[in-house]
Each structure stands twice: as structure tokens, then as C-alpha cells.
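**Q** how would this look folded up:
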Amino acid sequence: MRETTAVRRKVQLRPVRPAGWWFDALLLAGLVGLTVALAADQLFGIDRAVADWAQAHRPTAAYWVARVLNLLGQGTPLTLLAAGLGVLVAVRVRSIRPVLPPVVAFLFTYLTIGPLKVWTARPAPSASVKEPFLAPEQTLPLFQQDVPFRFAQSYPSGHVANAIVWYGVLALLVGALLRSMDRPVPHRVIIAVRVLPPLIVLCTTTYLGWHWLTDSVAGLLLGLLLDRLLHRIPWDDVPLPARLPGSRRTALFTSDA
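**A** Numbering: from 1, shown residues only. Below you'll find the predicted structure:
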């Protein structure tokens, strides 16, 4: 008898747009450059001007609208929603693969956003008008290790970074769910899900004075970088132990997800 051997599919990274690693390098360089500039006490004038303008143009109605819209960037609800959707798709297709994106996204955000906040130790604009009631000029610099941690975790904006990462994961899983139902994936809706909530969160978190403008920009750069790394992972082809359900290749995640 002729012995047959299984031919393994070569695992390749999924394409992202813009293609290539140059854009990832640009995002990382932008984040590093922004951090270095702030550490050198640069860009404070822009931050202060935006924060002062927002405070002067924040009527009660606009404040509450912005506060409600800012809930779109809450990390814990987004994590639970993505995990629940991943489990739903996993049950439908009897595969463990749909659970992988939210798990990896959680690890990515947990290992980057929090440590950066601890390391940079920057207060929010509101730290001058409520506890710990710092002098306005003291709220701007980074690396204020003498300020209690709970009052110095503004940089980068976790709301913005989380919104980019988690809505990207939700878009990925919504596409997988629709494919499992043999339904077409509305690409314009998927793009809207990935773009609109992060933009809303970026604007509202800055407008409310919860983050400096540069905090939000740093969250944007970090979130986009993590999002591109997550979307490069070939979820359909990731090698899994044979004993796990769905260890063989499925066709849930395509290059346009």
C-alpha cells in the first residue's frame, strides 16, 4: 500500500490596507515621536488650547450627549460583547476559531495600553478642576510619578485605542457570523462599524476634557497599529491541536473582513 501524507496549507498573513509593513512602522514612529515630544514639554500649547476651547463650549446638553456617545469606547462592555459574539459564532460552526480574535485582542490591549499609562503617568485636563486639584500647568507633563496612579493615567487614551481594536474585532466576527449563515457581508456597514465609533470616541473624550488631544492621537496611533496586527493573523489557518473542535481549516475569515 502507498503511504499518503497530508499536505499542510502554508500559513500566510492576511493582507491589510494599506499593504506592507511601512504603514505599521509609520504608526509606531508617530507614537514614539509624539511621546518624545511630550516628554520634552512640546505640544502643550495645542493641548491647552483645545482643552480650554472645549471647556468654554460645553453647555449641559452637549455635555450629556458627548458623555452618552463616549460610552461607545468602554473597554469592558466591548470585550464582553466581542467574546459573546465569538462564542455565538463558535457554537454555530462548531469551531474554536471564532473565539481566538477576542482572546488575542484582549491580550494585545492588556499588554500595551495599561503599561503605557503606568509608564507615562500623565494627568487628564480635568485633574485641575477636581481631585487631585493640580495646578493647570502641572496637568500637562508626562512621567509624574509623584501623582497617585488613579489620577495619572491619561496617556494614551484607552477609550480611543480600545474602540479601534474592539470594533475591528466586532466587524471581523460579524462578517464570520454572516458567512456562517450564507449571507452576504455588507462591506460598507463593516467599514462604518470600524470607523465611526472610534472617531466619535476620539472627539467626545477630548471634548469632555477626559483626555488631552495628544492623548487621543496617541490612542489612535496605538489602536491602528494593534488593529493591523490583529487583522494580519490568518484566523482560518492558525494551526490548532487536532483534539480541538474546528482544528481543520474553515472559511469564516476572508481577506476583506
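**Q** Next up, the contacts around the residue nearest to residue 72 when sequence neighbours are not counted.
**A** Once its chain neighbours are removed from consideration, residue 72 has its nearest residue in residue 197; the separation is 4.5 Å (Cβ to Cβ, 6 or more residues apart in numbering). Glycine gets a C-beta too; all of them are placed from N, C-alpha and C. Contact criterion Cβ atoms under 8 Å, 6 or more residues apart in numbering gives 72-73, 163, 167 as the residues in contact with residue 197.
**Q** can we see that at 10 Å?
**A** 69, 72-73, 78, 163-164, 166-167, 170 (Cβ atoms under 10 Å, 6 or more residues apart in numbering).
**Q** One more: residue 172?
**A** Neighbours of residue 172 in contact, by Cβ under 10 Å, 6+ apart: 82, 85-86, 98, 101-102, 105, 190, 193-194, 227, 230-231, 233, 235, 252-253, 257.
**Q** Break down the stretch 101-250 of the chain into its helices, ranges please.
**A** Listed in chain order, the helices of the stretch 101-250 of the chain (DSSP state H, counting those that start in this stretch) span 158-180, 187-207, 213-232.
**Q** of the ones you listed, which approaches residue 133 most closely?
**A** Of all these, helix 213-232 sits nearest to residue 133, with 19.8 Å by Cβ to Cβ.
**Q** burial measure for the closest residue to residue 108 other than its chain neighbours, as a count.
**A** Nearest-residue entry for residue 108: residue 226, 4.9 Å, with adjacent residues in sequence omitted and distances by Cβ to Cβ, 6+ apart. If you count neighbours by other Cβ atoms under 10 Å, residue 226 ends up with 23.
**Q** Show me how far the host helix or strand of residue 24 is from its chain's centre.
**A** Secondary structure assignment for residue 24, by DSSP states H and E: helix 22-39. Here helix 22-39 shows a centroid-to-chain-centroid distance of 16 Å under the convention Cα atoms, centre = their mean, to the nearest Å.
**Q** for stretch 95-114, same thing?
**A** Stretch 95-114 sits 11 Å away from the centroid of its parent chain (Cα atoms, centre = their mean).
**Q** For it, buried residues please.
**A** Buried residues in stretch 95-114, counting neighbours by 16 or more other Cβ atoms under 10 Å, are found at 95-102, 104-106, 108-109, 112-113.
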